[in-house]
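[1] Got a predicted structure plus its sequence, pasted below:
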There are 2 protein chains.
Amino acid sequence: MVQYSNPQYDASFGALSDATRRGVLEQLASADASITALAEKFQMTLTGMKKHVGVLERAGLVRTEKVGRVRTCKLGLRGLEQEAAWIEEYRQLWSERFEELDNIVEELKLKEKANESK
Amino acid sequence: MVQYSNPQYDASFGALSDATRRGVLEQLASADASITALAEKFQMTLTGMKKHVGVLERAGLVRTEKVGRVRTCKLGLRGLEQEAAWIEEYRQLWSERFEELDNIVEELKLKEKANESK
DNA sequence: GCTATACTGAACCATATGGTACAGTATAGC
DNA sequence: GCTATACTGTACCATATGGTTCAGTATAGC
């Protein structure tokens, strides 16, 4: 069964629910970046961007490392495997459920035909 | 490229970021349920559960239909296909990025060996 | 050592979220 | 028609979110 009470999912799906943060992940997928660079790219104050990075970091989707004055942001060590698995499992249940409904509809149609031919 | 500025994702990932709502989706995957039944199962007031159902409905993950006094909640017509696709695409980029890093590490190791043998 | 850059922290703001209570409306069933 | 049930709507509350400003601190580079 799909596990739903999981703070990890709260954090990661929550992190993904914001367009800026999805954008940051995309950016980091092509190259590491400093907070300043990200703030400029997404037209936001440094402080604002730092908060977003904090959210991503707490969700384990981003790592950061400070060298000198510059904090460099990189992709985290986890790559949404578990979240992908949750969704896939859900999709499985979802499609089973709809197949089931299809079967019921089919059954009803057959019964109808049987009645007609009486 | 992964598309990040998408209100659909805001809504669906936001909906998935709450344990109760993930639980409701699970429940509905096995059987339709009324608001009252869901509220009881998740130990919450009717009003509270109705809000959660509203969030899921706005995200397109749940449909509801009122017959008589009872509003029945069912799985929505979309089954997180797009969200699964977003995550898969991201995971692709993520693993490419890590392969790239692996290559760089390999290269550095080779250079080191070359220096050692001098 | 001075100055510019890069971040950090605290305070603030508006709005959203996750919950409640309580009063109302509509329907099911005797 | 009365009563219980099932929802609906509004108001309220505490806390979180997404942003800002402003005042620090620390480092890079001349």
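    In hand now; what should we look at? Numbers count the residues shown, from 1 in each chain, chains lettered A, B, ... in the order given.

[2] how close does residue A:54 sit to residue A:79?
    Residue A:54 sits 19 Å away from residue A:79, going by CB to CB, to the nearest Å. Placement of C-beta: from N, CA and C, glycine included.

[3] Repeat that for residue A:11.
    For residue A:11, the distance to residue A:79 (CB to CB) stands at 15 Å.

[4] residues in contact with the residue of chain A found nearest DNA strand C?
    Using CB to the nearest atom of the strand, the single residue of chain A nearest to DNA strand C is residue A:36, 2.8 Å away. For residue A:36, the contact set (CB atoms under 8 Å, 6 or more residues apart in numbering or on different chains) comprises A:46, A:70.

[5] okay, whatever helix or strand it lives in in CSV with CA atoms only?
    According to DSSP states H and E, residue A:36 maps onto helix A:35-41. C-alpha atoms of helix A:35-41 as CSV (Å, rounded to 0.1, in the frame of the first residue of the first chain):
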residue,chain,number,x,y,z
ILE,A,35,22.5,32.3,-4.3
THR,A,36,23.2,35.7,-6.0
ALA,A,37,23.0,34.1,-9.5
LEU,A,38,19.7,32.4,-8.7
ALA,A,39,18.2,35.5,-7.1
GLU,A,40,19.1,37.5,-10.3
LYS,A,41,17.7,34.8,-12.6
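
[6] which of the residues in it are buried?
    By neighbour count on 16 or more other CB atoms under 10 Å in any protein chain shown, the buried set for helix A:35-41 is A:35, A:37, A:38, A:39.

[7] Repeat that for stretch A:69-76.
    Quick answer for stretch A:69-76 (16+ other CB under 10 Å): A:73, A:75, A:76.

[8] the helices in chain A, which residues?
    A:7-16, A:19-30, A:35-41, A:46-58, A:81-116 (DSSP state H).

[9] could you dump the ones you listed to JSON lines with distance to residue B:44 and mean pLDDT?
    Output for the helices of chain A, formatted as JSON lines (distance: least, CB to CB, whole Å; pLDDT from 0 to 100):
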{"stretch": "helix A:7-16", "distance to residue B:44": "17", "mean pLDDT": "94"}
{"stretch": "helix A:19-30", "distance to residue B:44": "29", "mean pLDDT": "95"}
{"stretch": "helix A:35-41", "distance to residue B:44": "38", "mean pLDDT": "96"}
{"stretch": "helix A:46-58", "distance to residue B:44": "26", "mean pLDDT": "96"}
{"stretch": "helix A:81-116", "distance to residue B:44": "21", "mean pLDDT": "76"}
